[in-house]
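Trainee: sequence and predicted structure are below.
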Amino acid sequence: MSEKGKQRDTEEQAILEIRDVSVAYDGLVAVNGVSFCVRRGDIIAIIGPNGAGKTTLLKLITGLLRPSGGEIWLKQQRVDRVAPHRIASLGVTQVFQDIQLFSNMSVVENVMAGCHVWTGASFLSTGLRLPHSRAEERNISDTALRKLSLVGLGQKAFYSPSSLSWGEQKRVGLARALAAGADLLLLDEPYGGLIAEEIGKLSQLLLELQHRGITILMVEQLTDVVLDIANQVVVLRYGEKIADGTAAEIQGNEQVIATYLGNGPLEGDER
Amino acid sequence: MLDLSAILQFFISGVNLGCIYAAIGLGLFVVYGVTGVLNLAQGEFVMLGGMLTVAFYTAGTALVPSLLMAVIIAALVGAMLYRLIIYPARNSSGSTLVFLTLGFAFATEGIALSVWGWEFKSLPSFWGSPNIQLWGATIFGQTPWVVGTTLLLVIGLFFFFGHTIHGKALRACADEPLGARTVGISTDQMALFSFVLAASLGAVVGAVITPLTMTGYGVGMPLTIKGLLAALVGGINRAEGVILGGMALGMAEAISAGLMPSGYHGVIALGILIVVFLSRPRGLLVAPGKV
């Protein structure tokens, strides 16, 4: 296939396209002319040293920040001027590094809150307990319990989030994002703060989600772990993309090796 | 020496006042919880509920439709307060937003004065409910309506927040607005709804208390202050605290009304606030040092 043909094929499969996106705040250019495509069903890792603009890029995709230049296209819709809750309704949900669980709710209520994005019941019908809103409340409850089972927390549905381990809290965040109907998950340092056993479990879970058709875009510093599971790796440095390819291609990229380890091989873990 | 009937009378008056203050405090709690705005116009919705119900009722409309229309109009005014005043200034400091609600309160008072005049107005007890004599104490015919309405509002709010998807979305916005936005909850829509809900609550309370307390263009601000005291004494972050604060304030006022000269009522309420703030700065239900 010709290069043009390959490019067209990639664009057709793309769930997300970042086109020459830049943003600056407080006089600093945090992201500068970054472009890449995310193919449906892939796991994509964005790696780079601290301050490379990784988390800023996620905020641009979810609408929490607006780019000063460039375009962001999601499922053939331009979304770089769209409010965060509208982007979430298009199937994109971010799980933050600090997860942002709702501490005033149980685990299952946290996940149920994620279902609000697709609820069709009005405030009035919900308040008056009309039959269709009661049916929807049951559907929401069932959906939340199913998502919790999927992430292995069915037994802890009625616990308080604060009583769970850090790794379990991360999985509650994933269940909440899945309950919101996300088919593109944006994960900000999902492995951060996890012990070795939890890291393995999370990788298995992410591969399971990929198998179910969920696209995953993650920002991560623990590069040796993400290189194992990612189909595509984007490397940022000082807000600019320096490499984009498969794990093998990235590991052989001289600029990436220089960025991480001087002139040694890329093994990834910078901690 | 106080006899049983006097103690009972204090208790009945205290419950009655406590319900009113708790209900107003709950309106403040709903808006503050979701938006972080201390809405000093909450008492104006109580005033509007009472005045509009009187206006419709005296024009010949039956009581229930009068009350419903008053609630709908107050809800629309609540929506206007958010959409036209708070929303455009949403990125301003907390104190700016508080002053905006205060300005709205004064404007509402002024409009009410020009429309309805300065006279106090009242309604008959709902469906002619008679006064009840109980062991020498008098329960005014409207008192069971006030207490019953407050109970229904409290139960309704607990149910709504605890068992409905929109209630959970409101709680999510109150706890982690950023997390809420990224799972698709519109914090603006929830803020608008919180103002509408609080205005509706205030209007219902205003209509129900009018046969007992009468209403006029200037009743809003004193009621806001009482509701605010209830919320601050109990802890504005928790509905249970607001209810407890309202009841404590109502009881204290009722007892002081029976035992002290009339000019000292405000002193009692403010005295309670000072004692609570010194011992439990975040309210009765939150131990010092805890959040």
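Mentor: Happy to help now that I have it.
Trainee: mind listing the helices for the stretch 1-150 of chain A?
Mentor: Taking DSSP state H, counting those that start in this stretch as the test, the helices found in the stretch 1-150 of chain A are A:3-13, A:54-62, A:84-89, A:107-114, A:123-127, A:131-150.
Trainee: of the ones you listed, flag the one that's most buried.
Mentor: helix A:107-114 (a mean of 28; mean count of other C-beta atoms under 10 Å in any protein chain shown). Heads up, the C-betas are built off the backbone N, CA and C, glycines and all.
Trainee: now find how far off-centre it is within its chain.
Mentor: Here the centre of helix A:107-114 is set off from its chain's centre by 18 Å, with C-alpha atoms, centre = their mean, to the nearest Å.
Trainee: ditto for stretch B:170-190
Mentor: Distance, centroid of stretch B:170-190 to centroid of chain: 24 Å (C-alpha atoms, centre = their mean).
Trainee: may I see the buried residues of that stretch?
Mentor: The neighbour-count check on stretch B:170-190 (16 or more other C-beta atoms under 10 Å in any protein chain shown) flags B:170-177, B:179-188, B:190 as buried.
Trainee: okay, how far is it across it, tip to tip?
Mentor: From its first residue to its last, stretch B:170-190 covers 6 Å (C-alpha to C-alpha, to the nearest Å).
Trainee: what residues does the stretch 51-200 of chain A have near chain B?
Mentor: For the stretch 51-200 of chain A, the contact set with chain B under C-beta under 8 Å from any C-beta of the partner chain comprises A:62, A:64, A:83-85, A:88-89, A:93-94, A:96, A:99-105, A:109, A:112-119, A:121, A:123, A:126-127, A:133, A:136-137, A:140, A:176-177, A:180.
Trainee: quick one: average confidence on the longest helix anywhere in chain B?
Mentor: Longest helix in chain B, counting residues (DSSP state H): helix B:4-35. For helix B:4-35, mean pLDDT is 90.
Trainee: okay, angle between the helix or strand that comes right after it and helix B:4-35 too, please.
Mentor: Counting by DSSP states H and E, the next helix or strand C-terminal to helix B:4-35 is helix B:42-58. If you take axes from the mean of the first three to the mean of the last three C-alpha atoms, to 10 degrees, helix B:42-58 sits at 110 degrees to helix B:4-35.
Trainee: so the helix or strand just after helix B:42-58, near chain A or not?
Mentor: The helix or strand immediately downstream of helix B:42-58 is helix B:63-80, counting by DSSP H and E. No - residues of helix B:63-80 are not located near chain A by C-beta under 8 Å from any C-beta, the shortest gap being 11.0 Å.
Trainee: for helix B:63-80, buried residues please.
Mentor: Buried residues in helix B:63-80 (16+ other C-beta under 10 Å): B:Ser66, B:Leu67, B:Leu68, B:Met69, B:Ala70, B:Val71, B:Ile73, B:Ala74, B:Ala75, B:Val77, B:Gly78.
Trainee: what does stretch A:92-107 give?
Mentor: By 16+ other C-beta under 10 Å, the buried positions in stretch A:92-107 come out as A:92-97, A:99-102, A:104-107.
Trainee: coming back round to it: could you dump the helices of the stretch 1-150 of chain A to JSON lines with mean pLDDT and distance to B:Phe99?
Mentor: Below are the helices of the stretch 1-150 of chain A laid out as JSON lines (pLDDT from 0 to 100; distance: least, C-beta to C-beta, whole Å):
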{"stretch": "helix A:3-13", "mean pLDDT": "57", "distance to B:Phe99": "52"}
{"stretch": "helix A:54-62", "mean pLDDT": "92", "distance to B:Phe99": "32"}
{"stretch": "helix A:84-89", "mean pLDDT": "90", "distance to B:Phe99": "29"}
{"stretch": "helix A:107-114", "mean pLDDT": "94", "distance to B:Phe99": "32"}
{"stretch": "helix A:123-127", "mean pLDDT": "80", "distance to B:Phe99": "29"}
{"stretch": "helix A:131-150", "mean pLDDT": "91", "distance to B:Phe99": "38"}
